[in-house]
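A.B. asks: Let's see this in three dimensions:
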Amino acid sequence: MKTKRIPKVVTIPDSAFQSSKGRFFIGQSGTLTISKGLNAWAGLINPRNSRINIVFDIFAVSNFSENAIDAQIFFNSIPPDIENAVISENVTPANTTLCPLSAPRTLVVYNDNVTGFPVGGVSPFRRIIPSLQTVEGIDNGKIMIPPGGSFVIFIPGMADGRAFISFGWWEKKISSKKKS
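C.D. replies: Residues are numbered from 1 along each chain as shown. Alright, predicted model coming up:
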């Protein structure tokens with residue numbers, strides 16, 4: 001009697017699959033200085049001409065201060081003083097085995113010691129980051145940001161402190177095919 005062979009099935013997270021294809025990226029802000037009355041922020045900016053959607057996977061806010069900080073998440077807003085923001089160089093594809101390395105179209109930008117608040121968009125949630133701790137938010141690809149959009153973490157200046165903000169995302173090309 002012959003026995004049937006059952007095919008081997010392997011399930012991997014979408015982020016691991018995207019990484020294997022060179023489409024998953026990780027980036028971090030520089031040191032954000034938070035002062036009483038002055039705000040800080042870091043975010044993913046999807047340029048208008050990118051022809052990709054950002055598929056958001058994870059963020060982490062590391063608080064290096066003695067005070068808790070309030071991290072407010074904004075979708076598709078314009079952060080304060082964006083024209084003077086720094087574009088982070090601390091960005092890499094997660095898969096560093098590919099040659100050449102893939103380059104993201106998304107920008108990781110940040111600014112600190114700014115006045116004002118994000119304009120437009122929506123702030124659907126926030127996180128309190130305790131003193132000397134890191135808090136992660138894991139989305140696993142449920143949040144998508146279109147060209148011209150943003151995912152910004154805004155920290156209002158309630159007390160002196162320092163923080164870093166990190167992001168993980170993949171980029172999905174927008175199909176040029178029109179549905180009828």
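A.B. asks: what residues are up against Asn76?
C.D. replies: Gly120, Gly121, Val122, Ile145, Pro146, Gly149, Ser150 (C-beta atoms under 8 Å, 6 or more residues apart in numbering). C-betas here are computed from N, CA, C, even on glycine.
A.B. asks: Just the ones in strands from those residues, please.
C.D. replies: Using DSSP state E, Val122, Ile145, Ser150 are the members of these that sit in strands.
A.B. asks: For the contacts of Asn76, give me TSV that also has distance to Leu101 and neighbour count.
C.D. replies: Below are the contacts of Asn76 laid out as TSV (distance: C-beta to C-beta, whole Å; neighbours: other C-beta atoms under 10 Å):
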residue	distance to Leu101	neighbour count
Gly120	34	10
Gly121	31	17
Val122	34	11
Ile145	23	22
Pro146	25	14
Gly149	25	19
Ser150	24	25
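A.B. asks: Dump those residues into TSV; add distance to Glu89 and pLDDT as well.
C.D. replies: What follows is the contacts of Asn76, written out as TSV (distance: C-beta to C-beta, whole Å; pLDDT from 0 to 100):
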residue	distance to Glu89	pLDDT
Gly120	28	95
Gly121	26	94
Val122	30	95
Ile145	21	96
Pro146	25	97
Gly149	22	97
Ser150	19	97
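A.B. asks: Mind jotting down where the strands sit in the chain?
C.D. replies: 24-28, 32-34, 39-45, 52-63, 69-75, 86-87, 91-93, 107-114, 122-129, 134-145, 150-155, 161-173.
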